[in-house]
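> Got a sequence here, can you build the structure:
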Amino acid sequence: MRLVPDAERRARLAQRHGIAPGHRLPDPVEATRAMTVLHATEPATVYLSLLARVDGLEVADVDAALYADRSLVKQLAMRRTLFVFPRDLLPAAWGSASARVATQLRARLAKEVEQGGLSADGAAWLDAACAATLARLADGAELSAQTLREEVPELDGRVVMSPGKSYGGSFPIAPRVLTQLAVEARIVRGRNGGHWRTSRPQWTLMDRWLGESPAPLKSDEGFAELVGRWLATFGPGTAADVQWWLGGTAGAVRHAFASVGAVEVGLESGETGWVLPDDVDVVPEVAPWAALLPVLDPTVMGWKARDFFLGPHGAALFDSNGNAGTTVWWDGRVVGCWVQDAEGVVVLHLLEDVPAEGRAALDAEASRLTTWLGGTRVSTVYPSPAMKAAVAAL
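Below is the predicted model of the structure:
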């Protein structure tokens, strides 16, 4: 069994993820394919993750892929997370990861409807609310959540969640219904009604948006397709890494490994990793490189075990719920984070010493990002401890 040392794992991500300057990718679609999917919980992450991988990227390029060509599509899937998918990968998610989440969320939402006093039969209430929403969108309309609430009486109402908790309170039910329809791939987040760094989706029917009605893959086929793409992007990784990313079961991962013919390799941590059968050859080293990645970037979030690139900095760069903040990379390792000052200038916050060559390269990346943002300040609800310290020091 071949040993894949940590240095080679870092060289693999530098090349395959398109974040080393000499290995950047030609356009948003190819960059997304390289990462399997992009995290889209925060809308700005999509643009900034692509900027890190595509030279000369413009906001209009991303908008065209998302809203004109529709070669990239937003879909709730693994771990109840919103991602941007390459269009051809959607049927795999619909039949596997999204279907698993949809089943869980539907049962929970029906129970909350009953507990919240909206109906004694939560399942029937939810079916009626979904049907009314679909009927309103049947003419191909693209409508905001607020407009749907105003025009679909079945979406009216609020439920009390997590009473007594700091994050609890009374919440409108409409967004939950829209989320349910979205994870079931019956509706989709279409054009954005706001700035690229904010989320103001116009909801519309999925088949109208795509212009076709692709059939979901069977569950095992879908999981195998997702796992195969993950291995191509992130391999080698452990079964635990894949299970965490996939939000699936250990059995589903084992079955997927068998379906794609995954091969065992040794990792420097002493664990067993997995790669695709045509991916066992040694990957050459990469010249030292610098990169600045945004909150929840897929490179940082791709594995459950991240010590091979995070080193001792995990606690400083992730919040208490495991969400990654911004990261500064030098030569395959994370060495800090970045924030913006009041004028929108990107400021580096390093957690360890970097050689002069590295500092110059990082300063160049910070200048590149500052210029691209053009004074636009990007906020986040997932600041890491290091980001908070950096802001406090400004």
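
> what's the weakest-modelled helix or strand in this structure?
For the chain, counting by mean pLDDT, DSSP states H and E, strand 158-161 ranks last in confidence among helices and strands (a mean of 79).

> Just the C-alphas of it, formatted as CSV.
Coordinates of each C-alpha in strand 158-161 appear next as CSV, following Å, rounded to 0.1, in the frame of the first residue of the first chain:
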residue,chain,number,x,y,z
ARG,A,158,-45.3,31.5,12.3
VAL,A,159,-44.0,28.8,14.5
VAL,A,160,-42.1,29.1,17.8
MET,A,161,-38.8,27.2,17.8
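
> What's the first helix or strand after it?
strand 169-172 (DSSP states H and E).

> Going by residue numbers, what spans are strands in this structure?
Per DSSP state E, the chain carries strands over the ranges 3-4, 38-39, 72-76, 82-86, 158-161, 169-172, 187-192, 201-205, 263-267, 272-275, 290-293, 327-330, 333-340, 346-350.

> Between those strands, which one is closest to G18.
strand 290-293 (9.6 Å; C-beta to C-beta). (Glycine included, C-beta is placed from N, CA and C.)

> List the strands paired with that closest one, with their directions.
strand 327-330 (antiparallel) (DSSP bridges).

> give me every residue that touches R53.
Neighbour list for R53: 17-19, 24-25, 31, 34-35 [criterion: C-beta atoms under 8 Å, 6 or more residues apart in numbering].

> now with 7 Å?
In this structure, R53 makes contact with 18-19, 24-25, 31, judged by C-beta atoms under 7 Å, 6 or more residues apart in numbering.

> next one: V328
By C-beta under 7 Å, 6+ apart, the contact set of V328 is 292, 334-338, 348, 350, 362.

> Just send the residues you listed back as a markdown table, with pLDDT, neighbour count and distance to G122 too.
Shown next, in a markdown table, are the contacts of V328 (pLDDT from 0 to 100; neighbours: other C-beta atoms under 10 Å; distance: C-beta to C-beta, whole Å):
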| residue | pLDDT | neighbour count | distance to G122 |
| --- | --- | --- | --- |
| L292 | 98 | 23 | 46 |
| V334 | 98 | 25 | 44 |
| V335 | 98 | 23 | 50 |
| G336 | 98 | 23 | 47 |
| C337 | 98 | 29 | 43 |
| W338 | 98 | 24 | 45 |
| L348 | 98 | 19 | 50 |
| L350 | 98 | 17 | 51 |
| L362 | 98 | 22 | 52 |
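
> Pick out whichever of those residues sits closest to S166.
Once C-beta to C-beta is applied, the member of these that ends up nearest S166 is C337, at 25.8 Å.
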